[in-house]
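[1] Any chance you could fold what I've pasted below:
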Amino acid sequence: MAVTITQAKDMLERYIKAEQEVLEGKTIMFSGRMMSMAELGEIRTGRQEWERTVNRLNAAAAGRRPGPKLAVFE
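    Numbering: from 1, shown residues only. Okay, here's the model as predicted:
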């Protein structure tokens with residue numbers, strides 16, 4: 001199932017809101033899990049993934065070719 005730009009933007013907004021709430025010290029329910037400051041890194045990783053997805057979909061919609069792929073080695 002392909003993700004639409006609308007779905008990707010919605011997910012990005014959810015991650016941004018979750019990140020903001022956790023930074024304010026709130027405990028939130030996200031994707032069926034209770035999350036707090038301890039999970040901030042996980043939330044940020046998800047936000048960054050959705051930012052890349054939105055950027056990729058926007059570029060495709062504008063007719064731009066995707067850029068080079070980067071590998072992450074941890």
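[2] separation between residue 7 and residue 27?
    Look at residue 7 and residue 27: by Cβ to Cβ, to the nearest Å, they are 26 Å apart. Every residue, glycine included, has its C-beta placed from N, CA and C.
[3] before we move on, what about residue 56?
    For residue 56 relative to residue 27 (Cβ to Cβ), the value is 32 Å.
[4] quick one, which of those two is more surrounded?
    Higher neighbour count among residue 56 and residue 27: residue 56, with 16 against 12, using other Cβ atoms under 10 Å.
[5] tell me which element the more buried one falls in.
    Taking DSSP states H and E as the criterion, residue 56 maps to helix 40-61.
[6] That helix - what's its average pLDDT?
    Helix 40-61 carries an average pLDDT of 90.
[7] what does it contact?
    Applying Cβ atoms under 8 Å, 6 or more residues apart in numbering, the external contacts of helix 40-61 come out as 3-5, 8-9, 11-12, 15-16, 18-19, 22-23, 30, 35, 65-67.
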